[in-house]
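K.L.:
Please work out how this folds:
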Amino acid sequence: MIHVMVLAADRPGILRRILGVYESRRYQVRSLAAGPAGPAGFLRINLGLDEPAPRAQRLAAQLARLIDVVSVEVVEPSRAVGRELALVKVLLDHPGRRADVLQVAQVFRARVVDVAPRSLVLEVTGDPTKVEAFLNLAAEFGPVEVMRTGVAALGRGGRVLPGAAAATQLGAGPLRDPSAEENPLPIPASTLPPVLATGSHP
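P.N.:
Residues are numbered from 1 along each chain as shown. This next block holds a predicted model:
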């Protein structure tokens, strides 16, 4: 799974526009995770793609043209650290199997977050391969209900997604209306490194 990492201003409609780009061009997106990045006003989005690198690069270029997108980077699986959280409800086909489920949970370092007479809710965190393996084993004890967050990922080593460190250090400040000024970025372009001031929007 190749990662397309996006840093954007957290304004209404930004997720809809990002979804529209990859849906209209039929990219195979296997995972989507989004959440605040740094101070209020920034959003970090990670798209996990089942696509070759050239296709992922094309998607990144298309996303970079969106207003409010600060930066986009494509990261190969070997250069990223990715983790996913899943909540798994196991409906026990027999109450006596609870101990077996707990034994499997211990192997996967899953945490019990709810217990009922005929069910367990477990929290498991790890790479997608680990989550899939746990789900396959849990399903042997009865029907399962699953909620997965999608993969949150960061690049390995000292490289940082362009703009992410600047956003953390500078703070977003009050977000401005992009239609009312020439520069739509949430922080002034003059304070950003050249790669952000020139390469993050058309």
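K.L.:
And the strands in this structure, which stretches?
P.N.:
Per DSSP state E, the chain carries strands over the ranges 2-9, 29-36, 42-49, 69-75, 80-91, 111-116, 119-126, 144-148, 152-155.
K.L.:
Can you add distance to Val104 and give those back as TSV?
P.N.:
For every residue, glycine as well, the C-beta is placed using N, CA and C. Formatted as TSV, these follow (distance: least, CB to CB, whole Å):
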stretch	distance to Val104
strand 2-9	29
strand 29-36	24
strand 42-49	26
strand 69-75	32
strand 80-91	9
strand 111-116	12
strand 119-126	9
strand 144-148	12
strand 152-155	24
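K.L.:
Let's see the pLDDT reported for the residue nearest the centre of the chain.
P.N.:
For the chain, the residue sitting closest to the mean C-alpha position, by CA atoms, centre = their mean, is Ala33 at 2.5 Å. Note on Ala33: pLDDT of 94.
K.L.:
how much space between the closest residue to it other than its chain neighbours and Gln103?
P.N.:
Sequence neighbours aside, Gly150 is the residue nearest to Ala33 in space, at 3.7 Å (criterion: CB to CB, 6 or more residues apart in numbering). Using CB to CB, to the nearest Å, Gly150 is found at 28 Å from Gln103.
K.L.:
Okay, domains of the protein per the record?
P.N.:
The chain breaks down by automatic domain parsing into domains covering 2-80+153-199, 82-148.
K.L.:
and the residue lying closest to Asp114 once chain neighbours are set aside, what are its bridge partners?
P.N.:
Closest residue in space to Asp114, ignoring its immediate chain neighbours: Val121 at 3.7 Å, by CB to CB, 6+ apart. Note on Val121: beta-bridge partners by DSSP bridges are Lys89, Asp114.
K.L.:
what about Val121, neighbour count?
P.N.:
Using other CB atoms under 10 Å, Val121 is surrounded by 16 other residues.
K.L.:
Can you check the pLDDT for it?
P.N.:
96.
K.L.:
quick revisit: the residue nearest to Ala33 and Val29 touch, don't they?
P.N.:
No: in this structure, Gly150 is not within contact of Val29 by CB atoms under 8 Å, at 9.6 Å.
K.L.:
Just the terminal-to-terminal distance for stretch 56-73.
P.N.:
From its first residue to its last, stretch 56-73 covers 10 Å (CA to CA, to the nearest Å).
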